[in-house]
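Novice: just coords:
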């Protein structure tokens, strides 16, 4: 069995797509300006994860133009900002689908059938893990432990959760997600059992 | 099972997360009020006397950690609350933050007062966005009610609590890597010393504490260190949250004292094995600790007892496995995790995890050779103790532990040229089973 870099290393460096000119919307600019006040005045770099999340939420994924804009806001170099982007798994440097399906693959979920959930999702959507379907609706990703081991297998859909998804339920799950969006997800059971509707976080 | 939960007593009641509920039902913020009437050093002494040990994994005495925080310095001091709950098999802090957030907020405020800090950052993992929303809303309520902000409860003490969202990095749970991430860098550990107590966040004295640890502090201040210590075996006092997952009927978070045995946690609290299948092995403290066998379940689930049995309590994440689990596959699954999460700073871990994973894939795919077993042992042994943080040791543990206890399974894989225990819950295609 050959072990080629292409097979086992996904870490080959790729340059960020340049992308169109980027600037925060006034709302996002206000959010950033408020967040950066959490940190001492000479420690603006602490706000970089927040700043990148804002850029990603605004544009869907991070481009070189967005990263440079964030670097300017923070007061660091674009290289320092890209250094951060490339480390954390929750930043996307390529376009992703409307729903990013993050299937937990680590031990507790795997014991309850997570491998088969990914297999079923892949078959139903017609894409491999890491890919986005041609309509831009779904991106399928395998992720490491999401910290919901008691409701395995768990799938994170963007910032929302769906618990105890069995391989047999996958087709219905996708249909429902298509039809009803986030309302079709179970959300976190602690939310539900606390007498709150999903997504109602005491705002 | 006569133990009555303290930290999680109300978590299943509606609105348990609200400030009103906390004030009315849980003697909310009385601990903070009492703490502010004491000298900061008295609080540290109380926490020391209680024997509270860090709930994040290492079990280091919290009072000592706070005492080490440098006092004579003009620099500001900080509390960093580690809410980057990412250890596979662990999901306890999630419950506390979601259903009892004010207990954590009160713990942060008392911690700040004790070590002389004015700011606490709660570093929460990026995947817990739904938890973060609650935490932020409740922090705002605590500000409005005067439990945070300037001149807390008229005492002259100022305290700010902020939430900082991570972005998907297991390594950010290591205390110095957490600090690096909080400073806006890659989450990679620092060389110690200096320890965070001397030069932590922004090179200032810092205490990094787990969520569950800080949640215990208001209880200690309110009820006294003797009460706390009396709740468990010697040096293992206080309430403890256990996360039970895997092949059990009722997986979940269970609060118990550390007098409770592993068998009780699995068979009483979590309802026993699914379909009553035989138990093959458990991981008692999150994926980073050695396995225990069925005959070792009659020991108290305390830091000291589990260590004596050859494993660690760690983050108290019990992963229970029945007889369908192939131990070579288990090691491969966990090494996929560690290989992915290695921060890449120390060569033995960065390269070693990748080598171990490749060897395990080869064995699990039935293409391994006898010499691969020696190689696995050799590579693992060359990671242990040779890295800046405990990640390296943790990553080698699944391999060393399964090889020690289940070497015959490894040999069977080589001999028969296939996985000798293919479970029905595994994927059918090799690409999804990870053996492509």
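Specialist: Thanks, I have it. Since we're looking at a predicted model, the values are computed, not measured. Numbering: from 1, shown residues only, chains lettered A, B, ... in the order given.
Novice: switch to C-alpha atoms for all contacts and neighbour counts from now on
Specialist: OK.
Novice: And the closest residue to residue A:70 other than its chain neighbours, how far from residue A:75?
Specialist: Leaving aside its sequence neighbours, residue A:70 sits nearest to residue A:51 (Cα to Cα, 6 or more residues apart in numbering or on different chains; 6.3 Å). Using Cα to Cα, to the nearest Å, residue A:51 is found at 12 Å from residue A:75.
Novice: more crowded one of the two?
Specialist: Each of residue A:51 and residue A:75 has its neighbours counted (other Cα atoms under 10 Å in any protein chain shown); residue A:51 has more, 26 against 14.
Novice: where's residue A:118, which helix or strand?
Specialist: Per DSSP states H and E: residue A:118 is located in helix A:114-125.
Novice: what's the answer for residue B:121, then?
Specialist: Using DSSP H and E, the element containing residue B:121 is strand B:119-124.
Novice: Work out the gap between that strand and the centre of the chain.
Specialist: 16 Å (Cα atoms, centre = their mean, to the nearest Å).
Novice: do it and chain A meet?
Specialist: No: among the residues of strand B:119-124, none lie within reach of chain A under Cα under 8 Å from any Cα of the partner chain; the closest is 9.0 Å away.
Novice: Summarise which helices and strands whichever helix or strand comes after that strand is packed against.
Specialist: Going down the chain from strand B:119-124, the next helix or strand is helix B:129-144, by DSSP H and E. In this structure, helix B:129-144 makes packing contacts with helix B:19-25, helix B:92-99, helix B:101-115, strand B:160-165, judged by 3 or more Cα pairs under 8 Å, 6 or more residues apart in numbering or on different chains; DSSP states H and E.
Novice: In space, not sequence, find me the middle residue of chain A.
Specialist: For chain A, the residue nearest the mean C-alpha position is residue A:90 (4.7 Å; Cα atoms, centre = their mean).
Novice: Chain A: strands as residue ranges?
Specialist: A:99-104, A:138-143, A:155-157, A:160-162 (DSSP state E).
Novice: Ok, which of the ones you listed comes nearest chain B?
Specialist: Each of the strands of chain A has some distance to chain B by Cα to the nearest Cα; the shortest is strand A:160-162, at 7.2 Å.
Novice: how far does the closest one sit from the chain's center?
Specialist: Distance of strand A:160-162 from its chain centroid, counting by Cα atoms, centre = their mean, is 12 Å.
Novice: Is chain B within reach of that strand?
Specialist: Yes: counting by Cα under 8 Å from any Cα, chain B is contacted by strand A:160-162 at residue A:160.
Novice: got the phi/psi numbers for the closest residue to residue A:43 other than its chain neighbours?
Specialist: Leaving aside its chain neighbours, residue A:43 sits nearest to residue B:183 (7.3 Å; criterion: Cα to Cα, 6+ apart). Residue B:183 has phi and psi values of phi -80, psi 0 when expressed as degrees, to the nearest 10.
Novice: How about residue B:255?
Specialist: Torsion angles, degrees, to the nearest 10, at residue B:255: phi -100, psi 130.
Novice: Report the distance from the longest helix anywhere in chain B to the chain centre.
Specialist: Ordering each helix of chain B by length in residues (DSSP state H) puts helix B:347-364 first. Computed by Cα atoms, centre = their mean, the chain-centroid distance of helix B:347-364 equals 25 Å.
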